[in-house]
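Q: Quick check, what structure comes out for this input:
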Amino acid sequence: MSLVKEEEEILDNNEFLEEESSNKELCLPDPYRNFLSKFKRIAKTIFSLICDASFVFFSSSFILFGPVAFEMERIRTNEISNDSNSKKYLQEKLIPWNTSSDNSIDSSKMTRNSS
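A: As a prediction, this is how the structure comes out:
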């Protein structure tokens, strides 16, 4: 409900500003009024074109470069995964003993033969 009231207030303010600007234009001579009306029309047109062009630019750049960014992220995560896998592989091959509890030497099972 509050959003609707705020939008109505904004519209009322815009109407008030348009009425004020038109009342001030009436005080000016005809050549100035014509110039101002043309200037307003041109300014609105330029603003509209800039908004449309920026929308097209940003949406097309996202469409074109979005997949590239996602692919680069996928490649980076694969590299990180491969690096961690290669480190594990190298650790297993270069270090013949394993420090885990499964492969540790149990000293109680080791006995000396006194023959």
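
Q: what packs against the longest helix anywhere in the chain?
A: The longest helix of the chain (DSSP state H) is helix 30-94. Where contact means 3 or more CB pairs under 8 Å, 6 or more residues apart in numbering; DSSP states H and E, helix 30-94 is packed against helix 2-26. Where C-beta positions appear, they are placed from N, C-alpha and C, glycine not excepted.

Q: for the helix it packs on, what is the average pLDDT?
A: What helix 2-26 shows for mean pLDDT is 64.

Q: ditto for stretch 70-89
A: The average pLDDT for stretch 70-89 rounds to 82.

Q: Adjust the sequence numbering to begin at 240 for everything that follows.
A: Sounds good: first residue 240 from here, last item stretch 309-328.

Q: Tell me, what's the model's pLDDT at Ser343?
A: On pLDDT, Ser343 comes in at 50.

Q: let me redo that: Ser276
A: For Ser276, the pLDDT comes out at 85.

Q: separation between it and Ala282?
A: 11 Å (CB to CB, to the nearest Å).

Q: What of Glu312?
A: In terms of CB to CB, Glu312 sits 42 Å off from Ala282.

Q: and if you look at Phe309?
A: Separation of Phe309 from Ala282 (CB to CB) stands at 40 Å.

Q: Also Leu275?
A: Applying CB to CB, the value for Leu275 to Ala282 is 10 Å.

Q: Which one of the two is surrounded by more residues?
A: Leu275 (14 against 10; other CB atoms under 10 Å).

Q: shouldn't the more buried one be in contact with Asp269?
A: No - if you go by CB atoms under 8 Å, Leu275 and Asp269 don't touch, sitting 10.7 Å apart.

Q: Three-state assignment for Leu267, please.
A: Put simply, Leu267 is coil when judged by DSSP: H, G, I helix; E, B strand; the rest coil.
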